[in-house]
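Q: Return a 3D structure for these sequence lines:
(one chain, ligands or ions: 2)
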Amino acid sequence: MAKIIGGITTSHIPLIGKAIDQGLQQTPYWKTFFDAYPPIHDWLEEEKPDVAIIFYNDHGLEFFIDKKPTFAIGAAAQYHNADEGWGIKPIPPINGDQELSWHICNELVEKEFDITICQEMRVDHGLTVPMQLMWPGNQYEHMKVIPVCINVEQHPMPSPKRCFDLGKAIGEAVESYDKDLKVVVLGTGGLSHQLDGERAGFINKEFDLYCMDKIISEPEALTSLTIRDLVEEAGAQGPELIMWLGMRGTLRGELNVLHSNYHIPISNTGAGTMLIENKE
Ligand code: DHB
Ligand code: FE
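A: Ligands and ions are numbered 1, 2, ... in the order given. Alright, predicted model coming up:
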C-alpha cells in the first residue's frame, strides 16, 4: 500500500527562484535561509519518496480571479512552469502520476469534496520554487507530483479546518492506494506576509512561531481560526497557512520534527521550513 512518510513545509517566494537562478545561496542575505535545506536534501536522498503531493496556491497564473476553483487537483502527465517571475531560466517540466491523481480525485468526490480535476494545468512559483528548493539543480525527474491547489487569492477562501479536512481525506486516499509507493507531502507558502495596502511589509514573528509549534502539537488551535483571524494576525497573504494545514491533515502517525528553521525577512515574508517524519 502507499504510505505517507513525512511532511515538509517551505516558503515559495518567487525571489527564491531568482536567487537559485543566479547562484546567490551563500551570499549574506540568503545564507541562513538556504542553509535550512541540506538536512531536507539528505532526508529525501535517504528515504527516496516516489511521489510528492504538493499543497500550493496559484497566484493568478493558471487560475485568475475570473475563474477560481476552491480546490483544484492535477491529473496531468506533466506540469509546466507558467510563472511570470523575474525572467529566470526555464526549468524542466514536472512529472505527474495520473493513476494516483485519479484515485485521489475519486475518493475526494466520494467524501463530498467539490474539486476541480485538471487534466491540463500550468503551475506557478507556489509549486515550482518548492521543487527547486527540494531538488537542487532541478534534479526532480524521478519524482512524480500531485498538485493540490487551494484558493487563497480571492475571498471567499476555504477555512483552515476545511483545508485540514481535505488533507485528511487525501491522506486516507493515499493509504487506500494499492501500490507500494512512498509519498511525501509538502505544504508551501506563508508564513506571515502582506504584499499590498496599508500594512504592506507586515510580518508577525510571534504568531509565525506559534503556528510552527501548533501545527505539530495541536493543529486544532489553528483549525479553529478563521480566514479573517489569519489576515489580522499574519497579513493579507497570511492565509497561505491553509496549505500547511492541508499537509498536516495527511499526517496521522507519530510525528517527529527532524529539522526546523524560521528566518525573517525573505522578501516580504516570514519563511518557515520544517521537516516532519510521519511514523506508523
Ligand atoms: C512574496 C511572497 C509570496 O508568498 C508570494 O506568493 C509572492 C511574493 C514575497 O514576499 O515577495
Ligand atoms: Fe504566495
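
Q: which residues sit in contact with the residue of the chain positioned farthest from its centre?
A: Centroid-distance maximum for the chain: Glu198 at 27.2 Å, with Cα atoms, centre = their mean. By Cβ atoms under 8 Å, 6 or more residues apart in numbering, the contact list for Glu198 is empty. The C-beta positions use only the backbone N, C-alpha and C, and glycine is treated the same way.

Q: ok, residues contacting stretch 129-147?
A: Residues outside stretch 129-147 that contact it (Cβ under 8 Å, 6+ apart) are 8, 10-14, 16-17, 20, 37, 40-41, 44, 49-54, 56, 72-74, 79, 91-92, 94-97, 100-101, 104, 118, 121, 123, 127, 186, 188.

Q: Can you narrow these down to the ones near ligand 1?
A: 12-14 (Cβ under 6 Å from any ligand atom).

Q: Among those residues, which are located in helices?
A: Of these, the ones assigned to helices by DSSP state H are Pro14.

Q: Could I get the buried residue list for the longest helix seen in the chain?
A: In the chain, taking DSSP H as the definition, the longest helix is helix 160-175. Neighbour-count burial for helix 160-175, with 16 or more other Cβ atoms under 10 Å as criterion, is recorded at 160-174.

Q: Now pLDDT and neighbour count too, for the ones next to ligand 1 among the contacts of stretch 129-147, in CSV please.
A: Converted to CSV, these look like this (pLDDT from 0 to 100; neighbours: other Cβ atoms under 10 Å):
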residue, pLDDT, neighbour count
His12, 98, 28
Ile13, 97, 23
Pro14, 95, 19
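
Q: out of the ones next to ligand 1 among the contacts of stretch 129-147, which one sits closest to ligand 1?
A: Checking these against ligand 1 by Cβ to the nearest ligand atom gives Ile13 as the nearest, at 4.3 Å.

Q: Report the separation between the nearest residue to the closest one once chain neighbours are set aside and Ile54.
A: Ranked by Cβ to Cβ, 6 or more residues apart in numbering and with sequence neighbours excluded, the top spatial neighbour of Ile13 is Ser267, at 4.9 Å. Going from Ser267 to Ile54 by Cβ to Cβ, to the nearest Å gives 20 Å.

Q: more neighbours, these two?
A: Of the pair Ser267 and Ile54, Ile54 is the one with more neighbours under other Cβ atoms under 10 Å, namely 31 against 15.

Q: How confident was the prediction at the more buried one?
A: pLDDT, Ile54: 98.

Q: Met134 versus that one, what's the distance?
A: Distance from Ile54 to Met134, by Cβ to Cβ: 10 Å.

Q: all helices of the stretch 101-250 of the chain, in order?
A: Applying DSSP state H, counting those that start in this stretch to the stretch 101-250 of the chain gives helices spanning 125-134, 160-175, 205-217, 220-223, 227-234, 241-250.

Q: Show me what the fourth one is packed up against.
A: Read it as helix 220-223. When contacts are defined as 3 or more Cβ pairs under 8 Å, 6 or more residues apart in numbering; DSSP states H and E, helix 220-223 sits against helix 160-175, helix 205-217, helix 241-250.
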